[in-house]
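Novice: okay, sequence plus prediction incoming.
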Amino acid sequence: MTCHECSRAGNRKSMKSTLHPILPAAAALLCFTGCKGKPHAALPPPPIVEVTAVTQADVPIYHEWIGSLDGLVNAQIRAQVAGYLVAQAYHEGDPIKKGDLLFEIDARPFQAALDQAKGLLAQAEARLGKTELDVKRYAPLVKDRAISQEEYDDAVQANLEAKAAVVSAKAQVEQAQLNFGFTKITSPIDGIASIARAQLGDLVGPASGELTTVSTIDPIKAYYNVTEQAYVNFTKLFSTETDRIERLKQLEIALILADGTLYPLKGTNTAADRQIGPTTGALRVETLFPNPGYALRPGQFARVRVKFDVKRDTLLVPQRAVSELQGSYQVTVVDADNRAHVQPVQVGERNGNLWIIEHGLSAGQRVVVEGLQKAREGMLVNTTNFTAEFASQPGTGN
């Protein structure tokens with residue numbers, strides 16, 4: 001090896017020994033630079049859920065059943081004599097009074113029958129007068145033996161027969177007068193008459209069916225069926241039938257119309273049927289509602305709501321806060337650290353948009369109403385107040 005080659009080898013060895021302590025620092029710098037370009041993924045924020053506090057209040061207990069309305073009295077108007085309809089004297093659907101004329105039947109045949117009956121009565125009365133004179137005239141003659149006893153007896157019997165004929169003739173006149181009166185068909189009650197089922201010119205009679213129906217609708221009846229279980233529960237509260245009847249009449253009854261509005265006037269239970277319906281398994285109850293404006297009509301369907309009791313210091317949560325799983329109920333509670341916890345509860349009856357909680361919660365606890373799927377056990381959550389109306393509204397029962 002030449003002197004020049006030895007000199008180059010020495011230089012390389014010297015540079016290598018000089019760079020050796022710098023390499024780890026350069027590697028660390030390169031690693032830091034690469035990692036700074038790829039930051040770690042940030043954790044997602046806690047989910048937002050809507051919560052509300054468990055409230056405590058006195059809650060009225062309502063039960064609702066489907067009811068149907070009917071007139072207080074429904075008079076089916078029929079023809080009592082056969083004849084042709086010649087007039088309809090009422091306007092269909094208008095209020096009418098007792099005694100108002102509804103229909104007229106051709107009265108001419110009945111007028112003729114009445115005149116004939118009166119003529120027969122006059123003949124019978126004339127004959128009676130003749131026989132009475134005969135008896136008066138024969139009475140002294142039979143004493144003087146101027147006539148036989150047989151002749152006198154015949155005169156007495158003829159007089160009795162004439163009296164009977166007069167009675168019969170008077171009955172015929174009365175019947176003819178009734179038939180003549182039946183040609184004018186009047187309303188037996190106050191109320192509203194339905195649309196006529198017969199037209200002018202129809203031949204009507206006792207077998208021709210209804211001409212119309214007049215219903216008294218102020219007050220109006222509402223019928224609803226109480227389940228047998230509800231009736232059994234009711235009887236357990238009162239030992240005697242008198243107490244049960246009295247309590248039945250004291251219950252506050254309201255009517256909810258088909259559009260969901262509440263009828264402004266309250267009703268009163270008036271009677272319960274004598275038996276549980278063999279086909280329905282329910283007890284039929286009759287209620288009367290004032291109906292001064294005739295807003296209610298027979299045949300309407302409505303929900304009958306009965307205020308049965310008031311539960312004191314009852315815990316309430318929105319129905320949407322309660323979940324059901326295989327017959328068990330649970331709510332999600334948010335604690336002071338904003339962590340969610342699933343808690344089993346025992347529910348009572350529903351009350352409008354609320355649910356009565358019998359066990360499992362305390363007043364003031366926060367329960368999740370919206371976002372239940374996001375609030376898992378032990379999870380940290382962000383909470384906002386539930387903004388929907390949170391008020392006790394009457395609901396349904398059994």
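Specialist: Perfect, thanks for sending it.

Novice: partners of the helix or strand L211 falls within, with directions?
Specialist: Assigned by DSSP states H and E, L211 belongs to strand 210-227. Sheet pairing of strand 210-227 (DSSP bridges) gives strand 55-78 (antiparallel), strand 191-193 (antiparallel), strand 282-289 (antiparallel).

Novice: the next helix or strand after it: which residues count as buried?
Specialist: Next helix or strand after strand 210-227 toward the C-terminus (DSSP H and E): helix 228-237. When burial is assessed from 16 or more other CB atoms under 10 Å, helix 228-237 yields the following buried residues: A230, Y231, F234. To be clear about C-beta, it is placed using only N, CA and C from the backbone, and glycine gets the same treatment.

Novice: cool, stretch 143-162 as well?
Specialist: I147, Y152, A155, A158, N159, A162.

Novice: now swap in stretch 368-379 and tell me
Specialist: In stretch 368-379, counting by 16+ other CB under 10 Å, buried: V368, V369, E370, G371, L372, A375, M379.

Novice: returning to what we had before: between the strands paired with strand 210-227, which gets nearest to G364?
Specialist: Taking CB to CB, strand 55-78 is the member of these nearest to G364, at 8.4 Å.

Novice: ok, then the element right after the closest one?
Specialist: strand 83-88.

Novice: how far does that next one sit from the chain's center?
Specialist: Centre-to-centre, strand 83-88 and its host chain are 40 Å apart (CA atoms, centre = their mean, to the nearest Å).

Novice: the nearest residue to G277 once chain neighbours are set aside: how many residues sit nearby?
Specialist: Distance criterion CB to CB, 6 or more residues apart in numbering; nearest residue to G277, sequence neighbours excluded, is R284 at 6.6 Å. Neighbourhood size, R284 [other CB atoms under 10 Å]: 16.

Novice: beta partners of R284?
Specialist: N225.

Novice: mind listing what it touches?
Specialist: Residues near R284 by CB atoms under 8 Å, 6 or more residues apart in numbering: Y223, Y224, N225, V226, A272, D273, G277.

Novice: same question for whatever helix or strand R247 lives in, mean pLDDT?
Specialist: R247 is part of helix 241-250, with elements assigned from DSSP H and E. For helix 241-250, mean pLDDT is 82.

Novice: what's the angle from that helix to helix 228-237?
Specialist: 120 degrees (axes from the mean of the first three to the mean of the last three CA atoms, to 10 degrees).

Novice: so which elements touch the very next helix or strand once past helix 241-250?
Specialist: Heading C-terminal from helix 241-250, the first helix or strand you meet, by DSSP H and E, is strand 252-256. Secondary-structure packing of strand 252-256 (3 or more CB pairs under 8 Å, 6 or more residues apart in numbering; DSSP states H and E): strand 282-289, strand 301-318.

Novice: what residues sit buried inside strand 252-256?
Specialist: Residues of strand 252-256 classed as buried by neighbour count (16+ other CB under 10 Å): I253, A254, L255, I256.

Novice: pick out the most distant pair among those residues.
Specialist: Across the buried residues of strand 252-256 (CB to CB), the longest gap, 11.0 Å, separates I253 and I256.

Novice: give me the common contacts of those two.
Specialist: What both I253 and I256 touch, as defined by CB under 8 Å, 6+ apart, is the set V304, R305.

Novice: is I96 in contact with S187, as I believe?
Specialist: Yes - checked against CB atoms under 8 Å, the pair I96 and S187 is within contact range at 5.2 Å.

Novice: what's near enough to touch Q365?
Specialist: Going by CB under 8 Å, 6+ apart, the list of residues near Q365 reads A53, V54, V333.

Novice: for P44, see how far away the second one is.
Specialist: Just to be clear, that refers to V54. Here the criterion is CB to CB, to the nearest Å. By it, V54 lies 29 Å from P44.

Novice: what of the first one?
Specialist: Computed with CB to CB, the distance linking A53 and P44 is 27 Å.

Novice: which one's more surrounded, the two?
Specialist: A53 (14 against 6).

Novice: beta partners of that one?
Specialist: Assigned bridge partners for A53, using DSSP bridges, are R366.

Novice: my read: it touches R366, true?
Specialist: Yes - using CB under 8 Å, A53 is in contact with R366, at 5.8 Å.

Novice: just want the angle from the top helix by length along the chain to strand 83-88.
Specialist: Identified as the longest helix of the chain according to DSSP state H is helix 108-143. Orientation note: helix 108-143 sits at an angle of 120 degrees relative to strand 83-88 (the same axes, to 10 degrees).

Novice: what helix or strand is the nearest residue to Q123 once chain neighbours are set aside on?
Specialist: Spatial nearest neighbour of Q123, chain neighbours left out: A169 (7.5 Å); criterion: CB to CB, 6+ apart. Secondary structure assignment for A169, by DSSP H and E: helix 149-182.

Novice: so where's the chain uncertain?
Specialist: Regions of the chain meeting the criterion pLDDT under 70 cover residues 1-41, 388-398.

Novice: how is it carved up into domains?
Specialist: Using automatic domain parsing, the domain parsing of the chain gives 50-60+311-385, 63-70+220-309, 108-182.

Novice: dump the contacts of Q365 to TSV, plus distance to G71.
Specialist: As requested, the contacts of Q365 are exported to TSV (distance: CB to CB, whole Å):
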residue	distance to G71
A53	50
V54	48
V333	54
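
Novice: and V49, helix, strand or coil?
Specialist: strand (DSSP: H, G, I helix; E, B strand; the rest coil).

Novice: quick check: buried residues in stretch 288-303?
Specialist: Quick answer for stretch 288-303 (16+ other CB under 10 Å): L288, F289, N291, L296, P298, Q300, A302, R303.

Novice: wait, P298 sits on I217?
Specialist: Yes - contact criterion CB under 8 Å: P298 and I217 qualify, at 6.6 Å.

Novice: overlap in contacts, the two.
Specialist: G71.

Novice: related to what we said a few turns ago, pull out the buried positions in the very next helix or strand once past the helix holding A169.
Specialist: Following helix 149-182 in sequence order, the next helix or strand is strand 184-186 (DSSP H and E). For strand 184-186, the neighbour count (16+ other CB under 10 Å) marks I185, T186 as buried.
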